[in-house]
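*Asks:* Just to be clear, the model below is a prediction. Sequence and coordinates:
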Amino acid sequence: MSEPKIIEINGPVIKAGGMQNSFIGEQVLVGEFKLLGEVIKLYQDIGIIQVYEDTTGLKIDMPIFRENKPLSVELGPGLVGNIFDGLQRPLREFAQQNYVIERTSQQIHPLNREKKWLFIPCAQEGQDADALTIVGKVQETPLVEHRIMVPPLMRGKIIYIAPQGEYTIEETICILKDTDNKEYHLKMFHTWPIRISRPTLGFIKSTEALITGQRVLDFFFPIVKGGTAIIPGGFGAGKTILQHQLSKWSDADIIVYIGCGERGNEMIQVLEEFPRLKDPKSGHPLIERTILIANTSNMPVTAREASIYTGITIAEYFRDMGYNVGLMADSTSRWAEALREISGRLEELPAEEGFPSYLGHRLAEFYERAGKKKITPQREGSISVIGAVSPPGGDFSEPVTVHSKRFVKVFWALDKELSALRHFPAVNWIQSFSEYLEEVKEWWDSQDKKLNWSQLRKEAMNILKEEENLQKVARLIGPQALPDPQRLILFIGKMIKEAFLQQNAFDSVDSFCSPLKQLNLMDVILYFYKKAKEIIKHRIPISKLEELEVVSLIFRAKSIIKNDDLQKFDKLREKINSQLEMLLKEYE
């Protein structure tokens, strides 16, 4: 039987002979450089290998080293606050040791083997332990308690549990014995294949909103914890900045941020900002609850394809601990482009725009790994997946956007025209939608019994749609030719857009907006509209309403009223009443 060796090289796609005992998905090391690869196709004794590193220098007849295991990631203490590439190689370690990443795939472990962690046992000897039972905990960062679990598909009786103390992740902290008297020595970490979803007890319907602090998203197009969303938009529309905002302010316990094929300077911005920014709940740096996967555009294209699966597997691991995880994928279009390039080298029959015919299937597989899940009878966790899409020329009819739209329930469409007008977030309120409105209704209504979110949202959306239609008429005949009630609609539409929908990511007050502030801000705008409708019946010019001092205060309320100072909205309502009464008396 011949040993596996290279018989053909086509960029990152290698054809190898002697692979009759291999299996699809097997991890292999290619050539004398031992480059990391994965078997993606088999035909008799011929194997097609996808290599995740630069293949420059490989030659025919170089050996292939089989690993007899699927492509996997290490899961344990040391993940949070770290930055990895698409294959879970720790980039900080590479930088410290001045390694060239393309040629050192096996020199550094993803998780530090020498660092000791304070292990606190949570289980007792003699206790039965099923899969994902928590046997101990480690305080990984001030924000994250790392829960050491029995790996999936494993169960038995605990015959040994390590006492409280400091251990490396390779030391045995627990021993299980199953019904066949087979012993399993558990460490503080284990591995899991990236392309296989971790097993749970099933889905749970989620009704709790994932608050992002961005008014246009939370108020108009909400997402639940465990939901799925995409952010499509052309170049310069603000996808990356919006995802940065979601990473900073969303009320998820853990953030997994995947920079998939994006520019390196964008990842540098994340690395520089997150250690400085403070978590609004605890005051600690945001990096202490964040895991970064950086596979920038200058890194090997095949590793870009794997980075999405690396990120979602790590997210599932923290979900299994009982956390609500937010996963940001920026961008899924670059991931799809990697699929297209690999498919082309495999000489597969292309579908629309050259993408492989299984593009929709792969996207569905990815987004289906989101959701709120029952982990054990007593534990629940969720993964909310938000993927950026970069359609060429902002064309939402291209395949990645169309397929993604089929599998997600929230569509936050970014508008290039809005971004050109410096309206950020540039979310188009006509094209965007959310299918979670009924799920979050009860949650929103519980925030303030007096302010009805559903009614406020419905009234505001009606005004915005009517204003959109009136703008078309106003461009033809001019706004001055419209009757006063319609001119008022135009003015209130402008107020909603500028005083509510626009949000300054760099303003210390406006960067994050709490749910209660969102409700009060919209209520004040609609309260002014209700009162103004009565005023214009007395033939008072719209221009007089626009000149009122309280109008300027409403426009500036988002940046002058803090989240914990909401009583100022009551004073604002009082000013609306007093100034409109004065205006009415003036014209009587």
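*Replies:* Here it is on my side, so go on.
*Asks:* C-alpha from now on. contacts and neighbour counts both.
*Replies:* Noted.
*Asks:* Any idea how far whichever strand in the chain runs longest is from the middle of the chain?
*Replies:* In the chain, assigned by DSSP state E, the strand with the most residues is strand 379-389. Relative to the chain's own centre, strand 379-389 is displaced by 6 Å; criterion: C-alpha atoms, centre = their mean, to the nearest Å.
*Asks:* what's it in contact with?
*Replies:* With contacts defined as C-alpha atoms under 8 Å, 6 or more residues apart in numbering, strand 379-389 is touched by 224-233, 239-240, 243, 315-316, 319-333, 367, 369-375, 400-401.
*Asks:* For that strand, buried residues please.
*Replies:* Using 16 or more other C-alpha atoms under 10 Å as the test for burial, strand 379-389 gives Glu380, Gly381, Ser382, Ile383, Ser384, Val385, Ile386, Gly387, Ala388, Val389.
*Asks:* Over to stretch 335-354?
*Replies:* Those would be Trp335, Ala336, Glu337, Ala338, Leu339, Arg340, Glu341, Ile342, Ser343, for stretch 335-354 by 16+ other C-alpha under 10 Å.
*Asks:* does the fourth one count as helix, strand or coil?
*Replies:* Judged by DSSP: H, G, I helix; E, B strand; the rest coil, the three-state class of Ala338 is helix.
*Asks:* Provide a list of residues in contact with it.
*Replies:* Per C-alpha under 8 Å, 6+ apart, neighbours of Ala338: Val301, Thr302, Arg304, Glu305.
*Asks:* one step back: could you dump the buried residues of strand 379-389 into a markdown table with distance to Ser454 and pLDDT added?
*Replies:* Converted to a markdown table, those look like this (distance: C-alpha to C-alpha, whole Å; pLDDT from 0 to 100):
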| residue | distance to Ser454 | pLDDT |
| --- | --- | --- |
| Glu380 | 28 | 96 |
| Gly381 | 27 | 97 |
| Ser382 | 25 | 98 |
| Ile383 | 26 | 98 |
| Ser384 | 23 | 98 |
| Val385 | 25 | 97 |
| Ile386 | 24 | 97 |
| Gly387 | 27 | 95 |
| Ala388 | 28 | 93 |
| Val389 | 29 | 94 |
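*Asks:* measure the closest residue to His284 other than its chain neighbours to Ile293 for me?
*Replies:* Spatial nearest neighbour of His284, chain neighbours left out: Lys278 (5.2 Å); criterion: C-alpha to C-alpha, 6 or more residues apart in numbering. Lys278 sits 21 Å away from Ile293, going by C-alpha to C-alpha, to the nearest Å.
*Asks:* out of those two, which sits in the busier spot?
*Replies:* Ile293 (27 against 17; other C-alpha atoms under 10 Å).
*Asks:* The more buried one belongs to a helix, doesn't it?
*Replies:* No - assessed by three-state DSSP, Ile293 does not belong to a helix; its assignment is strand.
*Asks:* Residue numbering should commence at 11 henceforth.
*Replies:* With 11 as the first residue, the last one maps to Ile303.
*Asks:* Dig out what it forms beta bridges with.
*Replies:* Beta-bridge pairing of Ile303 under DSSP bridges involves Phe94, Ile268.
*Asks:* close enough to count as contact, it and Ile265?
*Replies:* No - counting by C-alpha atoms under 8 Å, Ile303 sits too far from Ile265 to count as a contact (10.8 Å).
*Asks:* Quick check: what element follows the longest helix along the chain along the chain?
*Replies:* Across the chain, the helix with the greatest residue count (assigned by DSSP state H) is helix 463-487. Per DSSP states H and E, helix 463-487 leads on to helix 494-506 as the next helix or strand towards the C-terminus.
*Asks:* buried stuff in the next helix-or-strand element following that next one?
*Replies:* Next helix or strand after helix 494-506 toward the C-terminus (DSSP H and E): helix 525-546. Going by neighbour count (16+ other C-alpha under 10 Å), the buried part of helix 525-546 is 525, 527-536, 538-539, 542, 545-546.
*Asks:* Sitting in helices, which of the contacts of strand 389-399 do you find?
*Replies:* Lys249, Thr250, Gln253, Ala325, Glu326, Arg329, Asp330, Thr342, Ser343, Tyr377, Val410, Thr411.
*Asks:* Which single one of the residues you listed is nearest to Lys460?
*Replies:* Among the ones in helices among the contacts of strand 389-399, Gln253 lies closest to Lys460 (C-alpha to C-alpha), at 32.3 Å.
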